[in-house]
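*Asks:* Let me see the structure of the following:
(one chain, ligands or ions: 1)
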Amino acid sequence: MTKLYVAQGACSFGAHVVAREITQASGLPIEIIKVPLRTPDSPIHKVNPLGRVPTVVTDNGNVITENGAILPWLADLNPDAKLFAPVGTAERAQIQEWIGFLNSDIHGAFRPVNRPNLFHPDEEVQKSIREQGITRLRELVRVVQRKLEGKTWAVGERFTAADAYLGVFLRWLPRANIDLAEFPDLAAYLERYNARESVKAAIAFEAA
Ligand SMILES: N[C@@H](CCC(=O)N[C@@H](CS)C(=O)NCC(=O)O)C(=O)O
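*Replies:* Have a look, this model is predicted:
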């Protein structure tokens, strides 16, 4: 059976939601395995040398890492669930565009905020790296708000893998002391996201 490795509240949450969306629609079996991160004895090290989630191990033993590969791969397991779009369509490229933007710009913008120690050893300098990081992240959140203007979901009128992944980072904003009250459209979007059965089930599974 295909296995998807996730960690509580990590960026693997988007893949977790996609897995639940496609299994709800088709009954396809995917085993979700919750692992701890940054501990040498975590089972994730046996499957992904970088020790990161999300990681997929397919039923014939192939290992797939990186959100940019995993999100489309999972979604394509069940095209009828319409979490992605057919090859060659502009819609497919637009979903990929969102995934690329979220993966490089938005996820990357959280690093100086969450882990400023990666950038400088001095604690005072780390404080200003974090502050500057929050300013940059807030600018990018404005970009997200503009991209979503007048829309229910990121691409087309339905929930896609782009939304499954976007919700991860909107849920992370309180970690950067960014209050969604500043962005009422995004707060409403997150309410729609959090109300989905797949999201509620993924939150409950990861918290258990
Ligand atoms: N570029 C990777 C990043 C994955 C990543 O950084 N995952 C984090 C969780 S959000 C992780 O597993 N961190 C553990 C570590 O780096 O040791 C992707 O998008 O899949």
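
*Asks:* what bits of the chain have low per-residue confidence?
*Replies:* 25-26 (pLDDT under 70).

*Asks:* What ranges does it have for its helices?
*Replies:* 13-26, 44-47, 67-77, 90-101, 107-114, 123-148, 161-172, 184-194, 197-207 (DSSP state H).

*Asks:* Remind me what the first one packs against, helices and strands.
*Replies:* It refers to helix 13-26. Under the contact criterion of 3 or more Cβ pairs under 8 Å, 6 or more residues apart in numbering; DSSP states H and E, the helices and strands touching helix 13-26 comprise strand 2-6, strand 30-34, helix 67-77, helix 161-172, helix 197-207. Every C-beta, even on glycine, is put in place using the N, C-alpha and C of the backbone.

*Asks:* Now tabulate the helices of the chain in a markdown table and tack on distance to G61 and mean neighbour count.
*Replies:* Output for these, formatted as a markdown table (distance: least, Cβ to Cβ, whole Å; neighbours: other Cβ atoms under 10 Å):
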| stretch | distance to G61 | mean neighbour count |
| --- | --- | --- |
| helix 13-26 | 18 | 24 |
| helix 44-47 | 10 | 16 |
| helix 67-77 | 15 | 20 |
| helix 90-101 | 25 | 17 |
| helix 107-114 | 28 | 17 |
| helix 123-148 | 37 | 15 |
| helix 161-172 | 24 | 24 |
| helix 184-194 | 33 | 16 |
| helix 197-207 | 24 | 16 |
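
*Asks:* Let me know which of those helices is the nearest to the ligand.
*Replies:* The ligand sits nearest to helix 67-77 of all those, at 3.6 Å, using Cβ to the nearest ligand atom.

*Asks:* what angle sits between the closest one and helix 161-172?
*Replies:* Using axes from the mean of the first three to the mean of the last three Cα atoms, to 10 degrees, the inter-axis angle of helix 67-77 relative to helix 161-172 is 130 degrees.

*Asks:* Name the residues that touch helix 67-77?
*Replies:* By Cβ atoms under 8 Å, 6 or more residues apart in numbering, the residues outside helix 67-77 that reach it are 2, 4, 11-12, 14-15, 18-19, 22, 28, 30, 54-56, 64, 81, 83-84, 95-96, 99-100, 102-103, 160-161, 164-165.
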